[in-house]
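Enquirer: Take this sequence and fold it.
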Amino acid sequence: MTDQEPTDRVAATQDSSHRSVRTIVAVVLVLAFAAAYLAVIAFYRTGFNESFAPPTPPSGGVAVVFAPTKVDPEARTASGDVLLFLSPDLTDSSGKSKVPLRLELFPALSKNSLDYAVGQIPSPVAVTLPTPGIVQQYPVDTYEVGFTARAATNAALGRGVEVPTQSSMFFQVPGWNLKDASTTQVSVSEATTVGSIARSGSTKVVAALMLILMVALAIIAVLVVQSSASGRMRLELNVASWITAMLFALLPIRGFLPGDPPIGSWIDILVFFWVEATIMVCVALAATGLLMRAQEKRLSSKLDKPSK
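Expert: Presented below is the predicted three-dimensional model:
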């Protein structure tokens, strides 16, 4: 047995061990990606499982439903339609109102008072409600939404005759979920509905996945620069160009986050700005390494040049 044989066996064992580690890492990454994909699909589907069922108005009264169609976190508003359902006591055989109705809705940012004429079927009316919250907490930001409804007949005679009023919300906005919705019957003719609006599970999973990938890119850039500095890898111009390209590619990737959170959100303070700073440092180190190597080549060429 030669001295080379044990060395070859050790090298073969190490190579086999490295291949096993790479295989395990690849399998774990594939499984993690598959789990994230399935989680996004599952969370996204749950946001559209609920179907609208018209409420049953109280006897001699009305049922008010606010159905948001858009949530604007930066403006802190929720826009949607107000649907009014009348009890059979207030309608004729064709479903048209037999009495004039006035619906007071507050705190609405527009159209606090809605009038419904005699002989018409109440149609949806667009309104906007305030939703206090902090958008910078994306993707775990939440917003409070609520309204109080009060209805009366013969409102032209003053306040009118109040009628029994119920209120509720039907929420189905892509990317958002309504949580902890509840209704309080303040009086027979006045009802208050409140709830919390939060990002959907699919939005949170996608945002977390993209942030993790950003961090992974920064780690890869650091490993490449560290390998070049230690001499295990030769730093080429194309590698330095790839690191530089990442610096400019991250901002568009940041813009792909679902919901388009504003710059300065906590994800920027926690992740994005630090990833950008890390890659900037890597670009500076890579450029310095290329300059030093170019300087060494020039010095070497001068030393190798024969003197006249």
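Enquirer: For the rest of this, base every contact and every neighbour count on C-alpha atoms.
Expert: Will do.
Enquirer: so is Ala32 in a helix, a strand, or just coil?
Expert: Under DSSP: H, G, I helix; E, B strand; the rest coil, Ala32 falls in the helix class.
Enquirer: what stretches of this structure score poorly on pLDDT?
Expert: In the predicted model, the chain carries pLDDT under 70 at residues 1-18, 21, 25, 40, 43-50, 154-159, 301-308.
Enquirer: In terms of residue numbering, what are the domains of the chain?
Expert: Domain segmentation of the chain under automatic domain parsing yields 1-46, 62-198, 200-308.
Enquirer: out of the ones you listed, deepest packed?
Expert: Stretch with highest mean neighbour count among the domains of the chain: domain 62-198 (a mean of 18; mean count of other Cα atoms under 10 Å).
Enquirer: end to end, how far does it reach?
Expert: Using Cα to Cα, to the nearest Å, the span of domain 62-198 from its first residue to its last is 29 Å.
Enquirer: Start the count at 13 instead of 1 going forward.
Expert: Got it, the first residue is 13 from now on, which makes the last one we talked about domain 74-210.
Enquirer: Quick one: distance of that domain to the chain centre.
Expert: Relative to the mean C-alpha coordinate of its chain, domain 74-210 is positioned 26 Å out (Cα atoms, centre = their mean, to the nearest Å).
Enquirer: Please apply the same query to stretch 198-214.
Expert: Here the centre of mass of C-alpha atoms in stretch 198-214, compared against the chain's by Cα atoms, centre = their mean, lies 21 Å away.
Enquirer: do the same with stretch 267-276
Expert: The offset between the C-alpha centroid of stretch 267-276 and the centroid of the whole chain comes to 8 Å, using Cα atoms, centre = their mean.
Enquirer: Output it as CSV - backbone C-alpha positions only.
Expert: Taking Å, rounded to 0.1, in the frame of the first residue of the first chain, the C-alpha atoms of stretch 267-276 are listed here in CSV:
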residue,chain,number,x,y,z
GLY,A,267,-41.3,47.3,-5.0
PHE,A,268,-42.8,43.8,-5.8
LEU,A,269,-43.8,43.3,-2.2
PRO,A,270,-47.6,42.8,-2.1
GLY,A,271,-49.4,45.9,-1.0
ASP,A,272,-46.5,48.2,-2.0
PRO,A,273,-45.6,49.4,1.5
PRO,A,274,-44.0,52.9,1.6
ILE,A,275,-40.3,53.4,1.9
GLY,A,276,-39.4,53.7,5.6
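Enquirer: before we move on, back to that, okay, the domains of the chain in JSON lines with distance to Pro66 next?
Expert: Converted to JSON lines, the domains of the chain look like this (distance: least, Cα to Cα, whole Å):
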{"stretch": "domain 13-58", "distance to Pro66": "21"}
{"stretch": "domain 74-210", "distance to Pro66": "8"}
{"stretch": "domain 212-320", "distance to Pro66": "25"}
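Enquirer: Nearest to Pro67, out of these?
Expert: Set against Pro67 and scored by Cα to Cα, the domains of the chain come closest in domain 74-210, at 6.7 Å.
Enquirer: Leu50 versus Ala44, what's the distance?
Expert: As judged by Cα to Cα, Ala44 and Leu50 stand 10 Å apart.
Enquirer: ugh, wrong one, I meant Pro67
Expert: Pro67 sits 34 Å away from Leu50, going by Cα to Cα.
Enquirer: what does Pro85 give?
Expert: As judged by Cα to Cα, Pro85 and Leu50 stand 27 Å apart.
Enquirer: Kindly report the same for Thr196.
Expert: Note on Thr196: its distance to Leu50, by Cα to Cα, is 38 Å.
Enquirer: cool, and Ser180?
Expert: 32 Å.
Enquirer: try Asn189
Expert: The gap separating Asn189 from Leu50 is 19 Å, by Cα to Cα.
Enquirer: what ranges do the strands span in the stretch 13-162 of the chain?
Expert: Assigned strands in the stretch 13-162 of the chain, in chain order: 74-84, 89-98, 113-118, 125-128, 137-142, 154-165 (criterion: DSSP state E, counting those that start in this stretch).
Enquirer: Any chance of those in a markdown table with distance to Gly107 as columns?
Expert: Rendered in a markdown table, the data for these read as follows (distance: least, Cα to Cα, whole Å):
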| stretch | distance to Gly107 |
| --- | --- |
| strand 74-84 | 13 |
| strand 89-98 | 8 |
| strand 113-118 | 14 |
| strand 125-128 | 13 |
| strand 137-142 | 18 |
| strand 154-165 | 17 |
